[in-house]
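Student: Got a sequence here, can you build the structure:
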Amino acid sequence: MNSSKVCIVTGASRGLGRGIALVLAREAGCRVYATARNEEGLNSLVKEAAEGNKGGTVIACKLDQSDDAAVHTFVEEVKEQESQVDLLVNSAYGGLLAIKSHFGKPFWERPIAVFDASLNIGLRSAYVMSALVAPVMVKNKAGLIVQISSFGGVNYLFDVGYGVGKAGLDRLTTDMAVEFKPYGVHAVTLYPGGAVTEIAAFPDGETPVFTGRAVAALLNTATKEDLELMNGKVVQTVELAVEYGFTDITGEMPKGPFSNIDAAKQCRETMSKPLTQYDRDAELADSMMTNNPDMAAMFPGA
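Tutor: Predicted structure coming up:
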């Protein structure tokens, strides 16, 4: 077995998960166990990753994250092959498919299944995978878990379930980091900006490669001291790009209104204030800014 870093990336057949897995293999030379239900998408990822020259590989692992027994079996199989897991990226998310057809409706007019979709393959699946992978990292006193979340964890975005799920992911990271402290394992939440993927089309948004490069920077460029400062916290892709000097696939920083440096600064400013639920003087968001029928156009593939 070579000395490549071992990574697990969930939701890797498309979108941000795919970009993360691809960058880790092609640009960072990692051995990536990529999970998803879409076997065809995973096989395509394997072929594209093989075009890199860093010695990295993607191992396709068809997996239904809603099946706890299957997830347990997957982790046990990885442990049989590897002595360590250096990185776990929880990127799988099932909410957008459920949300898209209900934009413009309040929560009481949506099926309960829409709420479940945001929490089950997202928050709950991240907890289950983390709980099963954590013992390997704790044993080795090394490892990094990254949750892919969004600004919906801070302010109203799209619908009730989306925000609850993202806020839960953010807190999941923080509380896991608290319990990881004695063992040298780190947990970080990553907020990508508005993206352009197979299922999302934000204007001039960042690509999945940019998110992948942010994860690679956390894994290979950030120092131990950096990770200690970020442990349990939320960081943004653009912030990491400025700090560690990477760009998007275009060779430039993202320029879109939801993904540029100014947008990241505004998000950080909002994050630095008490959240709405803790600030009695805060004004409630206008739900129609992001929960309206026109928003569905930004998710053509969902």
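
Student: What is the neighbour count of the spatially closest residue to Thr221 that is not a sequence neighbour?
Tutor: Take Thr221 and drop its neighbours on the chain: the residue closest to it by C-beta to C-beta, 6 or more residues apart in numbering is Tyr244, 4.8 Å away. Bear in mind the C-beta positions are built from the backbone N, C-alpha and C, glycine included. Other residues lying near Tyr244 total 16 when counted by other C-beta atoms under 10 Å.

Student: Endpoint to endpoint, stretch 229-249 covers what distance?
Tutor: One end of stretch 229-249 sits 28 Å from the other (C-alpha to C-alpha, to the nearest Å).

Student: That stretch - what's its average pLDDT?
Tutor: For stretch 229-249, the mean pLDDT works out to 98.

Student: Could you check how far the nearest residue to Glu109 once chain neighbours are set aside is from Asp116?
Tutor: Of all residues beyond its chain neighbours, the one nearest Glu109 is His102 (7.7 Å), with distances taken as C-beta to C-beta, 6+ apart. His102 sits 13 Å away from Asp116 when distances are taken as C-beta to C-beta, to the nearest Å.

Student: do Pro135 as well
Tutor: Distance of Pro135 to Asp116, given as C-beta to C-beta: 28 Å.

Student: Which of those two has more residues huddled nearby?
Tutor: Asp116 (16 against 12).

Student: Could I get the contacting residues of that one?
Tutor: The contact partners of Asp116, taken as C-beta atoms under 8 Å, 6 or more residues apart in numbering, are Gly161.

Student: related to what we said a few turns ago, can you confirm the residue nearest to Glu109 is in a helix?
Tutor: No - the assignment for His102 by DSSP: H, G, I helix; E, B strand; the rest coil gives coil, which leaves it out of any helix.

Student: Return the residues in contact with it.
Tutor: For His102, the contacting residues are Glu109, Arg110, Pro111, Val114, Asp159, taking C-beta under 8 Å, 6+ apart as the criterion.

Student: Farthest-apart pair in those residues, please.
Tutor: Across the contacts of His102, the longest distance by C-beta to C-beta is 11.7 Å; it joins Pro111 and Asp159.

Student: and those two? which has more neighbours close in?
Tutor: Neighbours of Pro111 and Asp159, each counted by other C-beta under 10 Å, are more numerous for Asp159; the result is 25 against 11.

Student: gap between that one and Ala302?
Tutor: Asp159 is 13 Å from Ala302, by C-beta to C-beta.

Student: before we move on, what about Asp294?
Tutor: 14 Å.

Student: Quick one: the helices in the stretch 1-150 of the chain, in order.
Tutor: Along the stretch 1-150 of the chain, counting by DSSP state H, counting those that start in this stretch, helices occupy 15-26, 39-49, 68-81, 95-100, 112-118, 125-140.

Student: Which of those sits closest to Ala263?
Tutor: Using C-beta to C-beta as the criterion, the shortest distance between Ala263 and the helices of the stretch 1-150 of the chain is 17.0 Å, found for helix 15-26.

Student: ranking the helices of the stretch 1-150 of the chain by burial, who's on top?
Tutor: The highest mean neighbour count among those, using mean count of other C-beta atoms under 10 Å, belongs to helix 15-26: a mean of 29.

Student: Longest helix in this structure, please.
Tutor: Across the chain, the longest stretch assigned as helix under DSSP state H is helix 160-180.

Student: Contacts for it next, please.
Tutor: By C-beta under 8 Å, 6+ apart, the list of residues contacting helix 160-180 from outside reads 90, 95, 99, 107, 114-119, 122-123, 126-127, 130, 134, 137-138, 145, 147-157, 186-189, 231-234.

Student: Please apply the same query to stretch 38-52.
Tutor: Contacts of stretch 38-52 from elsewhere in the structure, counted by C-beta under 8 Å, 6+ apart, are 12-14, 18, 21-22, 25-27, 29, 32, 34, 36, 56-62.

Student: just the buried members of those?
Tutor: 12-14, 18, 21-22, 25-27, 29, 32, 34, 36, 56-62 (16 or more other C-beta atoms under 10 Å).
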